[in-house]
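>>> Here is my input, please return the structure:
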Amino acid sequence: MQGLVLGGKYRLLRPIAEGGMGVVWEAEHVQIGRKLAVKLLQTQLAKNPEAVLRFRREAQIAGTLGHDHICPVLDIGETEIGQHYLVMELLRGRSLGETLKASGALAVGRALDIAGQILDALAAAHSAGVVHRDLKPENIFLSRVGGRDDFVRVLDFGISKMTADGGQEATSLTRTGIVMGTAHYMAPEQARGHRDIDSRVDLYATGAILYEMLTGRVAYDGESSNEIIIKLATEPFVPPREHRPDLPEEVEAIVLRAMARRREDRFATAAEMSEAVLGARSVLTSSDQPAHASMALALASAPTLIGVARSSPAPSGSVLAWRLPRARLPLVAAALALVAAAVGLLVWLAGGEPGDDGGGQAHATPATPAVHAPPLAPARSAIPAPSVVASPTPPPRPTRAIGGPGAGG
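Now for the predicted structure:
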């Protein structure tokens, strides 16, 4: 199909992704030369009216939500031979799924940043009455936009559900007992095929994605979707901190609440979960970004999230660690030497002239006062902020181009 022109406007250049519903091609607008992505519905699915309706509804939803973190559909069409296609923005980067396969667990700050952007997109979709129902790392695309890495685009609204708030209920596409979604990220009520699911299934999926970003593994796994669903219904998942002991309790609490078995126990809205994520993120410095003394001061005065961690002895591999650049170590050593000299001078002055009887006793002072010596205080500005102890961020990998709402599946 390479070189084929669709609708007299879009020339197919090369396939860049493939999924259950279709193939995504890099394409070029023949008149203006703009590079785009074109998603073609699989030929066998084009004969299925329900599949065609889902395909076209994906275009309608993604094309009207109009949010920075949702990839828009720019055009839709059908060829003379009945080939259905969507035209989307061409994204350059890679999916979160590819990133996790290459990197494993992410730095805590990075994971929270990505989760926050997903929740921003969900808040927009939910306010329009749209429930995605198939959030997974493969449907989260990370690109570089305006100098910012990890800019999130949520893809593939192909099996989304319109709620009553959206003005229509997709009754013909959502039937009781039909399980829609991906088992690893599926809420219990969704796995049971309940028809009355709501936006909280997306919050569960976001929690499951966050779990995977933080631990490098899925909460539930198995040889088949059925095995995973059985585990989901009968077994609790392993808390994230058992896989990653250095994870802050406040971050784990977000995951546990988002993935609560009863939807009444989860966050009520994407905005509420986003607020919790932002609260946790505000007291962390991502390990892949430069540290700043201002963040150190903020952490020192943070009332809740850091206060709990500091009230007890830091465990091995503690989440927060003071890191000194090698270039500054001599300065710190010199400062400590000056402090020691000052303390020695004060002790000597208080103890009398050298040679007094019992002078050794008079000068024998505990070592602890050196810890409280005031000259250390100005050195705080030279100490970077605490950073998250996490797997190091891997070197940049070659990026690839991919189209908007994914290939589906």
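
>>> Please work out how many residues are found near Gly129.
Residues within reach of Gly129, counting by other Cβ atoms under 10 Å, total 17. All C-beta atoms are positioned from the backbone trio N, CA, C, and that covers glycine.

>>> same question, Pro72
18.

>>> Now Ala183. Its backbone dihedrals?
Comment: the main-chain dihedrals of Ala183 come out as phi -60, psi -40, following degrees, to the nearest 10.

>>> which residues touch it?
By Cβ atoms under 8 Å, 6 or more residues apart in numbering, the contact set of Ala183 is 191, 220, 222, 225, 228-229, 232.

>>> Check Arg153 too.
For Arg153, the contact set (Cβ under 8 Å, 6+ apart) comprises 69-71, 91, 140-141, 143, 404.

>>> if you set the cut-off to 10 Å instead, what comes out?
67-72, 88-89, 91, 93, 95, 117-118, 121, 139-143, 145, 402, 404-406 (Cβ atoms under 10 Å, 6 or more residues apart in numbering).

>>> Send over the lengthiest strand in the chain as PDB, restricted to the C-alpha atoms.
For the chain, the longest strand by residue count, based on DSSP state E, is strand 84-95. C-alpha atoms of strand 84-95 as PDB (Å, rounded to 0.1, in the frame of the first residue of the first chain):
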ATOM      1  CA  HIS A  84     -11.800   3.300   6.600                       C
ATOM      2  CA  TYR A  85      -9.100   5.700   7.900                       C
ATOM      3  CA  LEU A  86      -8.300   8.300  10.500                       C
ATOM      4  CA  VAL A  87      -5.900  11.200  10.000                       C
ATOM      5  CA  MET A  88      -4.000  12.300  13.100                       C
ATOM      6  CA  GLU A  89      -1.000  14.300  14.300                       C
ATOM      7  CA  LEU A  90       2.300  12.500  13.800                       C
ATOM      8  CA  LEU A  91       3.900  12.100  17.200                       C
ATOM      9  CA  ARG A  92       7.600  11.500  17.700                       C
ATOM     10  CA  GLY A  93       8.800   9.600  20.700                       C
ATOM     11  CA  ARG A  94       7.700   6.300  22.100                       C
ATOM     12  CA  SER A  95       5.000   4.800  24.200                       C
END
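
>>> Show the subsequent helix or strand relative to that strand.
Downstream of strand 84-95, the first helix or strand assigned by DSSP states H and E is helix 96-103.

>>> Next, the angle from that next one to strand 84-95.
30 degrees (axes from the mean of the first three to the mean of the last three Cα atoms, to 10 degrees).

>>> change the start of the numbering to 17 and stick with it
Yes, from this point I'll number from 17; that puts the last item at helix 112-119.

>>> Mean confidence (pLDDT) on the next helix or strand after helix 112-119, please.
Heading C-terminal from helix 112-119, the first helix or strand you meet, by DSSP H and E, is helix 124-143. Within the predicted structure, the mean pLDDT of helix 124-143 is 97.

>>> re the thing from before, next, the buried residues of the longest strand of the chain.
Judged by neighbour count using 16 or more other Cβ atoms under 10 Å, the buried positions of strand 100-111 are 100-107, 109-111.

>>> Need those residues in CSV (columns: pLDDT).
Formatted as CSV, the entries for these read as follows, by pLDDT from 0 to 100:
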residue, pLDDT
His100, 93
Tyr101, 94
Leu102, 93
Val103, 95
Met104, 92
Glu105, 91
Leu106, 93
Leu107, 91
Gly109, 93
Arg110, 94
Ser111, 95
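
>>> what sits against the nearest residue to His83 once chain neighbours are set aside?
Spatially, and ignoring its direct neighbours in sequence, His83 is nearest to Ala140 (4.1 Å; Cβ to Cβ, 6 or more residues apart in numbering). Going by Cβ under 10 Å, 6+ apart, Ala140 touches 81-86, 146, 170, 286.

>>> I'd like to know which of these are part of helices.
When the contacts of Ala140 are checked against helices using DSSP state H, the ones located there are 81, 286.

>>> of the contacts of Ala140, closest to Gly232?
Distances from those to Gly232 were compared by Cβ to Cβ; the smallest belongs to Val170, at 21.9 Å.
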